[in-house]
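Undergrad: pasting a predicted model and its sequence here:
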Amino acid sequence: MARTALLDVDGTLVDSNYHHALAWYRAFRRSGIVLPLWRIHRQVGMGGDQLLPALLGQRLEEERGEEIREARDEEYGRLMGEVAPLEGSRELIVDLKERGLTVVLASSSPQEEIDYYLELLDARELADGWTTDDDVRATKPEPDLVHAALEKAGTEDAVMVGDTPWDVEAARKAGIETICVITGGFSEQELQDAGAIAVYESVEDLRMRLAETPLFQ
């Protein structure tokens, strides 16, 4: 049994991945760059420091990255009010806490976004801690976020719960395993191929089968 559950937030606890893709799409268009939404979505889960070079290349990232990231923040701010918790998300935190696990919300989002999600989930007094972009130098798939969350948990004995291949890769680099849900828009096969040790259809499905998950084996 793991001592800690590191819970990704965007796409895992709150239904925000497609809002992020649309915010990036609009930010790119403001800089005269038109990319298909599906290509942007494939990189959601990375932070802007990783997503922009992956989509535009290093040269454009260096030339236009700052303005695009600022535009993205503005565009996502307009969409954030439409983000809702995924069914069972708060209850999952409660379930894990009742079973004796430490729960850290592992995110590289700005403080403003994390504050909003904590209110959505009514989790400010429930979670044992959380991370923000202030805690990381490089975002997923680099392991900084996972290391920061483990430090807040005070243990290396943890399992990650996420929704993208980038969660799995970041956790693997930090030496821990990942359980995934498909709520972020990546398929079961993709997540398994990335190295997820178990994949569930939804947060509610994960909750209903919690005792058999690698968290408690």
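TA: Yep, it's here. Nothing here was measured: the structure is a model prediction, and the numbers come from that model.
Undergrad: for the closest residue to residue 76 other than its chain neighbours, what are phi and psi?
TA: Leaving aside its chain neighbours, residue 76 sits nearest to residue 23 (3.8 Å; criterion: Cβ to Cβ, 6 or more residues apart in numbering). All C-beta spots, glycine's among them, are computed from the backbone N, C-alpha and C. Dihedral angles of residue 23 (phi, psi; degrees, to the nearest 10) stand at phi -60, psi -40.
Undergrad: A helix includes residue 160, no?
TA: No: per DSSP: H, G, I helix; E, B strand; the rest coil, residue 160 lies outside any helix segment and is strand.
Undergrad: that one touches residue 104, doesn't it?
TA: No: counting by Cβ atoms under 8 Å, residue 160 does not reach residue 104; the two are 10.1 Å apart.
Undergrad: who has more neighbours out of these two?
TA: Counted by other Cβ atoms under 10 Å, residue 160 and residue 104 do not tie: residue 160 has more neighbours, with 29 against 25.
Undergrad: let me see the contact set for the more buried one.
TA: 6, 8, 106, 146, 167, 168, 170, 171, 176, 177, 178, 179 (Cβ atoms under 8 Å, 6 or more residues apart in numbering).
Undergrad: so the second one sits against residue 168, correct?
TA: No: counting by Cβ under 8 Å, residue 8 stays clear of residue 168, with 10.3 Å between them.
Undergrad: related to what we said a few turns ago, list residues touching both of residue 160 and residue 104?
TA: Joint contacts of residue 160 and residue 104 (Cβ under 8 Å, 6+ apart) are residue 6.
Undergrad: okay, now the unreliable bits of this structure?
TA: Applying pLDDT under 70 to the chain flags no residue at all.
Undergrad: in this structure, which helix has the most residues?
TA: helix 58-79 (DSSP state H).
Undergrad: immediately after that one, which helix or strand?
TA: helix 89-98 (DSSP states H and E).
Undergrad: so how far is that next one from its chain's centroid?
TA: On the basis of Cα atoms, centre = their mean, to the nearest Å, helix 89-98 sits 17 Å off its chain's mean C-alpha point.
Undergrad: helices or strands next to the next helix-or-strand element following it in the packing?
TA: Downstream of helix 89-98, the next assigned helix or strand under DSSP H and E is strand 102-106. Here strand 102-106 touches strand 4-8, helix 89-98, helix 111-121, strand 129-130, helix 144-153, going by 3 or more Cβ pairs under 8 Å, 6 or more residues apart in numbering; DSSP states H and E.
Undergrad: and strand 102-106, which strands flank it?
TA: strand 4-8 (parallel), strand 129-130 (parallel) (DSSP bridges).
Undergrad: overlap in contacts, residue 8 and residue 168.
TA: Common contacts of residue 8 and residue 168, defined by Cβ under 8 Å, 6+ apart, comprise 160, 162.
Undergrad: list the contacts of residue 173.
TA: 141, 142, 143, 146.
Undergrad: that should have said residue 217, apologies.
TA: Applying Cβ under 8 Å, 6+ apart, the residues near residue 217 are residue 1.
Undergrad: roughly how far does it sit from residue 2?
TA: According to Cβ to Cβ, to the nearest Å, residue 217 and residue 2 sit 9 Å apart.
Undergrad: again with residue 141
TA: 21 Å.
Undergrad: quick revisit: now the contacts of residue 160 as a markdown table including neighbour count and distance to residue 135?
TA: Below are the contacts of residue 160 laid out as a markdown table (neighbours: other Cβ atoms under 10 Å; distance: Cβ to Cβ, whole Å):
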| residue | neighbour count | distance to residue 135 |
| --- | --- | --- |
| 6 | 28 | 13 |
| 8 | 30 | 14 |
| 106 | 30 | 9 |
| 146 | 29 | 11 |
| 167 | 30 | 16 |
| 168 | 28 | 20 |
| 170 | 30 | 13 |
| 171 | 30 | 16 |
| 176 | 20 | 17 |
| 177 | 17 | 21 |
| 178 | 28 | 19 |
| 179 | 24 | 22 |
